[in-house]
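Trainee: using only what follows, build the 3D model:
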Amino acid sequence: MEVGPRMYFLVSGLLYPAALGAALVWTVSALHSRVFLESASPNGWSLCMAAWFIGYHCLQFSRLMVRHYDLGKGYTRRAFVSDLVDCLTLLLGFAGLRFLNEPIPSEQVWVVYLALLGVPLSAVIAHPLRMMKGPRGLLVLGMLLVCLLGIDYFKLGFLLPLFKPEVTHWVLLVAMFSMLWAFYHRVYRFEP
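Mentor: Prediction:
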């Protein structure tokens with residue numbers, strides 16, 4: 001069921017740009033303190049996570065604009081709720097990175113991975129389970145696995161004896177960027 005152009009304009013004209021603007025302000029502030037003030041925080045992992053969140057958000061925003069360019073025609077409640085979850089995921093992820101406060105303590109890194117659970121949740125909301133086949137289904141499962149591994153490693157500690165935290169950070173980050181690339185090249189470009 002379509003929600004009409006008003007909700008489409010709320011999301012495309014306000015929510016996505018506002019969330020992206022807040023993310024860019026946080027990132028520029030973090031880069032300034034890292035580069036010009038030579039601060040030890042934020043670390044490279046936090047900046048890479050910020051880049052991933054911004055890249056994902058830009059892809060979703062571009063997808064929204066391309067799919068519903070005709071004044072929100074075909075914009076459904078599922079799409080609206082999915083877009084709300086995406087914007088909330090971005091804001092919660094940046095709040096978890098704590099760029100405006102003191103550096104994120106290692107025992108709270110799991111909060112960022114918890115915020116990332118919004119990515120597979122958004123995909124499941126936007127698309128019925130019958131559409132979760134092929135590359136899209138694999139990407140959703142892969143992202144869910146990355147989130148759960150991050151939460152497990154940094155909160156529950158089951159995998160702690162197996163890997164060092166630095167290795168785990170970067171392996172999960174490389175997996176996330178690989179999935180973002182695959183999403184663009186396998187799902188985004190070929191989807192109607």
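Trainee: which residue lies nearest the spatial centre of this protein?
Mentor: Phe53 (4.3 Å; C-alpha atoms, centre = their mean).
Trainee: skipping adjacent residues, who's closest to it in space?
Mentor: Distances taken as C-beta to C-beta, 6 or more residues apart in numbering put Gly93 closest to Phe53, at 4.8 Å, once the chain neighbours are dropped. In short, each C-beta sits where N, CA and C put it, glycine included.
Trainee: confirm that the residue nearest to the centre of the chain sits in a helix.
Mentor: Yes - assigned with DSSP: H, G, I helix; E, B strand; the rest coil, Phe53 falls within a helix.
Trainee: and the helix or strand of the chain with the lowest mean pLDDT, what's buried?
Mentor: Taking mean pLDDT, DSSP states H and E as the measure, helix 5-10 is the helix or strand of the chain with the lowest mean score, a mean of 80. If you call a residue buried by 16 or more other C-beta atoms under 10 Å, then helix 5-10 has these buried ones: Met7, Tyr8, Leu10.
Trainee: can you give me the separation between Arg124 and Asn101?
Mentor: Slight slip there: residue 124 is Val, not Arg. 32 Å (C-beta to C-beta, to the nearest Å).
Trainee: of the two, who's got more company?
Mentor: Val124 (16 against 9; other C-beta atoms under 10 Å).
Trainee: what's the more buried one in contact with, if anything?
Mentor: Met132, Val140 (C-beta atoms under 8 Å, 6 or more residues apart in numbering).
Trainee: Leu145 versus that one, what's the distance?
Mentor: 14 Å.
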